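**Student:** Following is a predicted model, sequence given first.
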Protein chains: 2
Amino acid sequence: MLNERAREIYSFIQRYRRENGSAPTIREIGRQFEISSTNGVRYYLNLLEKAGHITRTGGISRGIGPSTDTATATAGIPLLGTVAAGSPINAEENWNGTLDIGDMFGQTENLFALAVRGDSMIDAGILQGDYVIVQKQDTARAGEIVVACLESEATVKYYQPHGDRIELIAANEKYDPIVVTPDADFRILGTVRGVIRSVIGRGK
Amino acid sequence: MLNERAREIYSFIQRYRRENGSAPTIREIGRQFEISSTNGVRYYLNLLEKAGHITRTGGISRGIGPSTDTATATAGIPLLGTVAAGSPINAEENWNGTLDIGDMFGQTENLFALAVRGDSMIDAGILQGDYVIVQKQDTARAGEIVVACLESEATVKYYQPHGDRIELIAANEKYDPIVVTPDADFRILGTVRGVIRSVIGRGK
DNA sequence: TGACACGGTGCACGCCTGTGCAGTAGGGTC
DNA sequence: GACCCTACTGCACAGGCGTGCACCGTGTCA
């Protein structure tokens, strides 16, 4: 198993790559962790490589790669156009940018994802098994979709304040609005900024 | 605007970074595009930098970074749990992994994204303005959601073959199924693997 | 108390890599 | 026909960077 320092170095490599687009050099890692010798760093890189957390390409600058099984993990997906567009879709001709999670939701600092259970937001296009992207904050504006904690039960609902009461409205006519009185145990966890769904091929 | 070759180089850089964890060097780009001089490549890198697609760190190997506004683009979003979970949500305690696009959809090689127009798939939770993640392929299985090109018009529908005819079924009772006969100009572009939606705070 | 693993230091070597400068072939335009 | 823009070629140079080798202090286990 890896020790703490090795894990710190690993997360430094990941953070560096996110921020700079390339892996750090041995000397850059050394500077960060006050390891003056390049071989001190190499010692840890060998550990991380043996543990399968990184792959290294020998003799090449910044040759620290992610481990092969997560090689495509943070990839962007090419964005081609709109579905209703009549023209035939061609990767070269309709290039329209790249779809990136961080791109869409801004800074990911205060974001987190939650898996959705239940069908109460079905009319808002949020289905069972979807992930909602939530911005952590303790207030919301009228009409926003919030993740809230009511009587230590977390739910996703439309937020609609009325004076000192708050209505939590489901997007499903099967469910009635929940009225929250001022003395209830109620807390907003965040507002929903996005939805991500993975469709598993049913025919597959 | 960028010309085609510059865009090719840009997507090569992105792909290289995905696969190797670091940006390519000038000479590596040159080798790929058969540009024998490093300055030929530098010419394009300057174009891409001026256009804001990349940032460069001078004097440093593999100093090609993503543009600053997408610096956090490929960051993962912490995945905390399910929304219906009763316990209070705490970033440290309920850490459940990281939500990554590439992680969810596997290899991004044959994936692309399309913006959705119209409401024909509303009951499948695919709304106007959503992005569908499409796996490029020319066949599909019954019941899968496909992106297909019919009479040079692209649509998203459920795919249901019946003998030599194909039914394209909308997820909205307002629309009747479309029956595709064998002689029609019909082509499957891919199957829908996921949906991504960015919810812009309406109260904001 | 001797051996061995852990976690390093220090340095030289040589390829890797970005940069600067000079030049050039083709196309457009005025 | 001169001039500019685009899209390169070619080369020299300096510093970046990984590698190999030698060595060391500390802990620990027998």
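**Tutor:** That came through fine. Just so it is clear, the structure is predicted and the values come from calculations on it, not from any experiment. Residues are numbered from 1 along each chain as shown, chains lettered A, B, ... in the order given.
**Student:** how about the residues of chain A that lie near DNA strand D?
**Tutor:** A:25-28, A:38-39, A:42, A:56, A:58-64 (C-beta under 7 Å from any atom of the strand). (Each C-beta comes from the backbone N, C-alpha and C, glycine too.)
**Student:** of those, buried ones?
**Tutor:** A:Thr25, A:Ile26, A:Glu28, A:Arg56, A:Arg62, A:Gly63, A:Ile64 (16 or more other C-beta atoms under 10 Å in any protein chain shown).
**Student:** Show me which positions of stretch A:5-19 end up buried.
**Tutor:** A:Ala6, A:Ile9, A:Tyr10, A:Ile13, A:Gln14, A:Tyr16, A:Arg17, A:Arg18.
**Student:** Tell me the secondary structure of A:Tyr44, please.
**Tutor:** helix (DSSP: H, G, I helix; E, B strand; the rest coil).
**Student:** Wait, it touches A:Phe12, no?
**Tutor:** No. Using C-beta atoms under 8 Å, A:Tyr44 is not in contact with A:Phe12; the gap is 10.3 Å.
**Student:** neighbours of A:Asp164, just the number please.
**Tutor:** 9 (other C-beta atoms under 10 Å in any protein chain shown).
**Student:** tell me which element A:Ala113 falls in.
**Tutor:** Take DSSP states H and E as the rule and A:Ala113 turns out to sit in strand A:111-115.
**Student:** Over to A:Val179?
**Tutor:** Following DSSP H and E, one finds A:Val179 within strand A:178-180.
**Student:** tell me the average confidence for that strand?
**Tutor:** For strand A:178-180, mean pLDDT is 87.
**Student:** go on, stretch A:131-150?
**Tutor:** Computed over stretch A:131-150, the mean pLDDT rounds to 82.
**Student:** what about stretch A:187-195, average pLDDT?
**Tutor:** Averaging pLDDT along stretch A:187-195 yields 82.
**Student:** before we move on, back to that, what's the most distant pair in the buried ones among the residues of chain A next to DNA strand D?
**Tutor:** The span of those, defined through C-beta to C-beta, is set by A:Glu28 and A:Arg56 at 15.0 Å.
**Student:** circling back to that earlier point, if you look at the residues of chain A next to DNA strand D, which of them are in helices?
**Tutor:** A:Ile26, A:Arg27, A:Glu28, A:Thr38, A:Asn39, A:Arg42 (DSSP state H).
**Student:** How about the contacts made by the last one?
**Tutor:** When you say that, I think you mean A:Arg42. A:Ile26 (C-beta atoms under 8 Å, 6 or more residues apart in numbering or on different chains).
**Student:** can we see that at 10 Å?
**Tutor:** Counting by C-beta atoms under 10 Å, 6 or more residues apart in numbering or on different chains, A:Arg42 touches A:Ile26, A:Ile29, A:Gly30, A:Ile35, A:Arg56.
**Student:** List phi and psi for the residue lying farthest from the centre of chain A.
**Tutor:** Here chain A reaches farthest from its C-alpha mean at A:Ser37, the gap being 36.0 Å by C-alpha atoms, centre = their mean. In this entry, A:Ser37 is assigned phi and psi values of phi -100, psi 140 (degrees, to the nearest 10).
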